[in-house]
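**Q** after the sequence you'll find the predicted model.
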Amino acid sequence: MDLGTVTDLVPTADPADWREGDAWLAGGTVLFSYGSETLRRLLDLTSAGWPALTVTDEGLEIAATCTVAELWAFEESAQAASVRDRWRALDLVRPCCDSFVASFKIWNTSTVGGNVCTSLPAGPMISLTAALDGVAEVWGPGGTRREQPVVDLVTGELRNTLAPGELLRAIRLPDHALRSRTAFRRLSLSNLGRSGVLLVGRVDPPDAGGAFVLTVTASTRRPVQLRFAADALPTAADLVATLDAAVPADLYHDDIHGLPEWRRDMTYRLGEQIRAELVDGTTSDGGLR
């Protein structure tokens, strides 16, 4: 879709340049598909030249402008060679990228940061980064810098904590989460449909506490994360009770991709499958409540 009200494309990543009527532009796949009657300028973040992916001693930094295609290809990159065996949770990257169920044109344009900032319940980059304790680095006008866990940054459907003029610079995935054992479950109402339920579980390595962490996305309007200490790993009944307390009925999403009741039941089913796999070391069909 053409944005007929836009008069300027400004190459900048400086929040000081932002003014009312502006929008930050990375991939722009959502921006151009939704259209606008109020935008006047697009501030082009791709001009910043941020490295898409950077391996550090602390973990993996994903630039907001990293495309889905670049993230999917990371596993085979020279950067990943030295950490692939240690960062077991990289096994989540491709299933989450595949959850876009999008064409190669979208994969090569859509960005990690754009998916998080759009804040749709089914955003698979939200699922990936929230599940691995991703921390967002946010730049704001006046030179402000702040950090916030992705699980808290996204607050609802098309809602997040970003204030006018703020931009997402990067998301950092910590080393301890990347070294975790993980399990991935996703359901859609059709083979090529938007995610209706997407859960990721992980068990942290012993030197990082050994906690079991379950992150619920797609079925809920915002990410929900459950944590169980290594000395209090949940039984099936514990997981049900914790989900009951953490996810009220009105938090389950309701749209053409799934009714709240179905999303709730599948959340319990997939959650039990993940718990059984990672905690009990067994398989489970996660029977309906």
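**A** Perfect, thanks for sending it. Numbering: from 1, shown residues only.

**Q** buried residues in the longest helix belonging to the chain?
**A** Counting residues, the longest helix found in the chain (DSSP state H) is helix 260-275. Residues of helix 260-275 classed as buried: 260, 262-275 (neighbour count, 16 or more other Cβ atoms under 10 Å). For glycine as for every other residue, the C-beta is placed from the backbone atoms N, C-alpha and C.

**Q** and if you look at stretch 29-47?
**A** Across stretch 29-47, burial judged by 16+ other Cβ under 10 Å covers 29-31, 39, 41-45.

**Q** the residue nearest the centre of the chain in helix, strand or coil?
**A** Closest to where the C-alpha atoms of the chain average out (Cα atoms, centre = their mean) is I126, at 1.3 Å. The three-state label given to I126 by DSSP: H, G, I helix; E, B strand; the rest coil is helix.

**Q** with the one 3 residues further on instead?
**A** Secondary structure for T129, judged by three-state DSSP, is helix.

**Q** excluding its backbone neighbours, what's nearest it?
**A** Nearest residue to T129 in three dimensions, chain neighbours excluded: V150, at 4.5 Å (Cβ to Cβ, 6 or more residues apart in numbering).

**Q** the one you found contacts G123, correct?
**A** No: using Cβ atoms under 8 Å, V150 makes no contact with G123, being 10.1 Å away.

**Q** mind listing the shared neighbours of those two?
**A** Listed contacts common to V150 and G123 are V116; contacts here mean Cβ atoms under 8 Å, 6 or more residues apart in numbering.

**Q** residues in contact with A249?
**A** Taking Cβ under 8 Å, 6+ apart, we find A249 in contact with 260, 264.

**Q** how near is it to D14?
**A** In this view, A249 and D14 are 44 Å apart by Cβ to Cβ, to the nearest Å.

**Q** check E58 too.
**A** 26 Å.

**Q** L42 now?
**A** 14 Å.

**Q** repeat for L198
**A** In terms of Cβ to Cβ, L198 sits 35 Å off from D14.

**Q** between those two, point out the one with more neighbours.
**A** Taking other Cβ atoms under 10 Å, L198 and D14 do not tie; L198 has more neighbours (30 against 13).

**Q** which regions of the stretch 1-150 of the chain sit below the pLDDT cut-off?
**A** Applying pLDDT under 70 to the stretch 1-150 of the chain flags residues 1.

**Q** where along it do the strands fall?
**A** Ranges of strands within the stretch 1-150 of the chain are 8-11, 22-25, 41-44, 53-55, 59-63, 135-140, 144-149, based on DSSP state E, counting those that start in this stretch.

**Q** what residues does the fourth one touch?
**A** Looking back up the chat, that one is strand 53-55. 60-63, 66, 70-71, 74, 77, 79-80, 82-83.

**Q** sheet partners, orientation included, of that strand?
**A** strand 59-63 (antiparallel) (DSSP bridges).

**Q** distance between the partner strand and the chain's centre?
**A** Its chain's C-alpha centre and that of strand 59-63 lie 13 Å apart, by Cα atoms, centre = their mean, to the nearest Å.

**Q** and the angle from it to strand 135-140?
**A** 40 degrees (axes from the mean of the first three to the mean of the last three Cα atoms, to 10 degrees).

**Q** count of residues packed around the residue nearest to T129?
**A** Neighbour count of V150, defined by other Cβ under 10 Å: 27.

**Q** what do you get for the one 5 residues further on?
**A** For T155, the count of nearby residues is 14 (other Cβ under 10 Å).

**Q** partner residues bridging W139?
**A** Beta-bridge pairing of W139, defined through DSSP bridges, involves R145, L167.
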